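> need coordinates for the below:
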Amino acid sequence: MDKEIEGIIERITFYNDKNGYAIFSVITDSDESTVCVGYVPGIVNGENVKIHGVESFHPTYGEQLRVTSYEKTLPKSELAIELYLASGVIKGIGKTMAKRIIAKFGKDTLEIIDKQPDKLSEIKGISEKKAVSIGKQYKEQAELRNAVLFLGEYGITPNCALRIYSKYKGKTLDVVTKNPYVLADDISGIGFKTADEIAAKMGISPESPFRIKSAVRYILNEASQNGHVYLPKSELIKKVFSIISVSEDIIENTLMGMHINNVLWIDRSGDGIEKVYLNFFYRSEVYVARKLIELSEEKFGKEDYTKKIIALQAAHNIEFAKEQKKAIEAAMKEGVLVITGGPGTGKTTIINAIIELSMAQGDDVCLAAPTGRAAKRMEETTGHTAQTIHRMLGIKFLDEDRNKQTFEKDEDNPIEADLIIIDESSMIDIALMSSLLKAISLGTRLILVGDANQLPSVGAGNVLRDIIASKQIDVVKLNEIFRQAQESEIIVNAHKINNGQYPDLEKKDKDFFMITRNNVESVSQTVVDLVKRRLPTFVPCKATDIQVLTPMRKSPIGVSDLNFALQSTLNPPSYNKNEIKHGSVIFREGDKVMQIKNDYELQWKTVKNGKIIDEGVGMYNGDEGIINYIDKDQEFVEVLFDDKVVHYYFNQLDKLELSYAVTVHKSQGSEYDVVVMPIFNGPPMLMSRNLLYTGLTRAKKLAVIVGLKDSVYKMVDNNNEIKRYSDLKNKLIKVGTV
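Okay, here's the model as predicted:
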């Protein structure tokens with residue numbers, strides 16, 4: 001039921017200064033106290049407020065008013081003004097000073113503070129400097145109040161209004177009124193469409209240059225989220241026209257102006273296609289090409305490593321294949337080396353040999369991977385410390401914008417190492433590659449290890465494949481499957497798939513088999529039954545060690561539906577398990593969840609025996625954990641990621657999703673004991689060979705496909721990958737052949 005109250009904030013139980021979420025009580029003139037919850041930026045004890053909300057009931061706090069809108073009102077009586085000032089809302093005024101000010105100026109107090117703050121210096125204990133400070137603080141609070149009210153008229157929530165005000169401060173109204181499209185560029189959570197709606201309400205012309213430029217940036221940003229580093233100009237113009245319906249000639253002229261004014265870059269070199277880049281991506285591609293060639297031109301001695309390699313073989317009772325020996329030798333001499341190959345081809349064996357030889361000659365060696373899971377696996381297989389690339393580079397943030405990352409390590413402060421080995425390099429996008437190379441100085445060897453046949457990076461670019469295709473960097477391709485690996489049907493069939501051959505779907509006695517089902521309902525039921533009942537005893541393992549990987553998000557056997565079915569079976573509602581609904585998803589204690597976007601400032605702690613032994617910031621897209629506890633009073637969800645504990649406030653739950661089932665794309669860089677893949681009919685762009693190959697190679701002990709054999713065969717036949725606009729290959733060739 002809707003309700004409106006007006007009164008004084010008597011107590012703030014909880015306040016999140018990052019987003020303005022609060023639990024507080026308001027006392028009205030009739031001495032009735034109401035508990036309120038919601039986003040109310042900048043509130044303090046003693047303030048007068050008018051609250052509009054919906055009545056609800058909380059099992060702990062009882063009756064509450066959930067805030068839908070609010071406004072701060074000025075206190076009217078001398079007592080109310082005194083309570084307001086005594087609340088600590090203005091630094092430098094306490095209870096005693098509030099009484100003195102009221103005694104001097106009475107009901108005119110707030111008018112004096114606002115218009116003539118210097119008069120406050122007439123009061124004992126207030127200097128001229130302090131009087132100016134009090135006036136400034138009061139004006140800033142008034143500006144925030146006015147900004148929230150102004151932006152609220154255009155449908156912007158108080159939470160979002162706080163972020164906008166934090167960016168522009170006293171200029172908020174002027175900035176937004178002049179060009180609301182800046183919100184799409186500057187404020188996280190506001191996109192072009194929202195800014196466009198605000199602009200329309202303000203009466204800004206549909207052909208405004210601000211609108212066209214913002215639409216161009218929106219389309220290019222959207223393209224980068226789909227993996228593209230640039231868009232062909234003709235395609236970009238058509239996409240912009242589709243969302244703003246402005247003449248293509250006007251759009252083209254705007255593009256030229258943006259290029260001339262260095263807002264974006266149009267590259268006309270090469271194949272005759274005009275490529276339109278956001279400046280950041282153009283500079284990144286150019287830098288990566290130049291730096292890779294520079295590093296690769298350095299050579300490290302002419303020593304013959306044959307005897308040392310023979311000694312390694314004897315020490316570890318192994319026999320290196322010809323290509324493995326070639327890779328080890330090249331890794332000791334080349335400035336940059338790519339080692340690529342599928343599962344079972346000995347990439348880990350080579351890495352260990354390179355580390356041993358390098359450390360024996362006194363080299364400092366750094367190991368890293370794009371994700372936390374990949375780094376942990378690298379550490380387990382090598383016995384040496386490995387970390388994420390982000391952590392190795394020392395991630396930090398720009399003071400003025402916590403959403404924009406930068407790194408401590410760069411050209412002026414490079415990584416101190418003789419050798420850097422990066423595993424799972426197919427996952428590196430162009431932005432991260434640029435940052436990595438900036439932190440590598442000449443004299444450091446770089447080895448990129450990865451499987452070029454896996455799905456490309458989630459971020460923009462096609463870095464590993466472009467490097468290999470350019471033929472400007474030394475590459476060792478591993479094709480031989482070793483005897484031990486040949487005993488694994490997972491590995492044997494993965495290589496068949498990669499070579500365009502059909503996997504053997506008839507064998508049932510090893511680590512790979514298929515269960516045929518002829519409709520999506522029976523596929524879903526079988527997947528659930530496998531995870532809950534059949535596989536945990538067959539492997540053996542826990543249900544949480546089994547990962548369902550699906551090509552699709554939306555489908556009866558897509559992520560959403562399978563997560564609902566698996567959660568209902570594996571972790572059903574219980575009186576002793578807290579749960580919270582966020583959107584259409586219910587999160588419950590014991591649920592398996594995944595971080596679905598990089599958050600470089602999310603805090604984590606490592607706790608052992610009740611003590612914090614380590615802490616830091618940064619959780620990454622693809623990190624998986626278990627919901628340990630849901631605190632409904634403090635409104636947070638505690639998630640355990642291996643040994644890291646992270647708290648998510650309820651308003652941060654869009655960073656998580658259930659992960660009993662995830663897309664194959666999300667599984668990159670991870671390995672699971674058991675993988676179950678539902679394969680049925682679907683769009684060709686998703687039902688591809690490299691997606692099937694990537695999913696299958698995530699399994700360590702067992703892989704099970706459930707569905708139609710014909711669909712599996714169609715995926716093997718479909719070697720058409722989604723086109724990614726990336727020009728690193730051509731830039732490498734251009735730099736390398738100069």
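> for my notes, confirm residue 552 occurs in a strand.
No. Per DSSP: H, G, I helix; E, B strand; the rest coil, residue 552 lies outside any strand segment and is coil.
> check the spacing between the closest residue to it other than its chain neighbours and residue 564 real quick.
Computed as C-beta to C-beta, 6 or more residues apart in numbering, the closest residue to residue 552 that is not its neighbour in sequence is residue 558, at 4.2 Å. (Glycine included, C-beta is placed from N, CA and C.) Computed as C-beta to C-beta, to the nearest Å, the residue 558 to residue 564 distance reads 10 Å.
> what strand or helix carries residue 11?
According to DSSP states H and E, residue 11 maps onto strand 2-15.
> residue 500 touches residue 690, doesn't it?
No. Using C-beta atoms under 8 Å, residue 500 makes no contact with residue 690, being 11.3 Å away.
> related to what we said a few turns ago, higher neighbour count, residue 558 and residue 564?
Ranked by neighbour count (other C-beta atoms under 10 Å), residue 558 and residue 564 place residue 558 first, with 20 against 16.
> now that one: phi and psi?
Phi and psi for residue 558, reported as degrees, to the nearest 10, are phi -90, psi -180.
> any idea how far residue 604 is from it?
Distance check for residue 558 against residue 604: by C-beta to C-beta, it reads 30 Å.
> cool, and residue 174?
40 Å.
> neighbour count winner among these two?
For residue 174 and residue 604, the more surrounded residue by other C-beta under 10 Å is residue 604, and the numbers stand at 18 against 10.
> give the contact list for the more buried one.
Contacts for residue 604 were tallied using C-beta atoms under 8 Å, 6 or more residues apart in numbering; they are 615, 616, 617, 618, 619, 641, 644, 645, 646.
> the last one: what's it in contact with?
Taking C-beta under 8 Å, 6+ apart as the contact definition, residue 646 lies against 602, 603, 604, 605, 619, 625, 638, 639.
> direction included, what does the helix or strand where the first one lies pair against?
Assigning secondary structure by DSSP H and E places residue 602 in strand 599-608. Sheet partners assigned to strand 599-608 using DSSP bridges are listed as strand 611-619 (antiparallel), strand 644-649 (antiparallel).
> need the CA coordinates for it. PDB is fine.
Extracted in PDB, the C-alpha atoms of strand 599-608 (Å, rounded to 0.1, in the frame of the first residue of the first chain):
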ATOM      1  CA  ASP A 599      34.900  -5.900 -10.700                       C
ATOM      2  CA  TYR A 600      38.300  -4.600 -10.000                       C
ATOM      3  CA  GLU A 601      37.400  -3.000  -6.600                       C
ATOM      4  CA  LEU A 602      35.200  -5.700  -5.100                       C
ATOM      5  CA  GLN A 603      36.900  -6.600  -1.800                       C
ATOM      6  CA  TRP A 604      37.800 -10.100  -0.800                       C
ATOM      7  CA  LYS A 605      39.400 -11.700   2.300                       C
ATOM      8  CA  THR A 606      41.100 -15.000   2.900                       C
ATOM      9  CA  VAL A 607      40.100 -16.400   6.300                       C
ATOM     10  CA  LYS A 608      41.800 -19.400   8.000                       C
END
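> all strands for the stretch 551-700 of the chain, in order.
Taking DSSP state E, counting those that start in this stretch as the criterion, the stretch 551-700 of the chain contains strands spanning 579-582, 585-588, 592-595, 599-608, 611-619, 624-631, 636-641, 644-649, 656-658, 661-663, 672-679, 699-707.
> reformat the ones you listed as TSV; add distance to residue 487 and mean pLDDT.
Formatted as TSV, the strands of the stretch 551-700 of the chain follow (distance: least, C-beta to C-beta, whole Å; pLDDT from 0 to 100):
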stretch	distance to residue 487	mean pLDDT
strand 579-582	44	90
strand 585-588	40	93
strand 592-595	31	93
strand 599-608	38	80
strand 611-619	37	80
strand 624-631	29	92
strand 636-641	33	92
strand 644-649	35	90
strand 656-658	35	94
strand 661-663	28	93
strand 672-679	17	94
strand 699-707	13	92
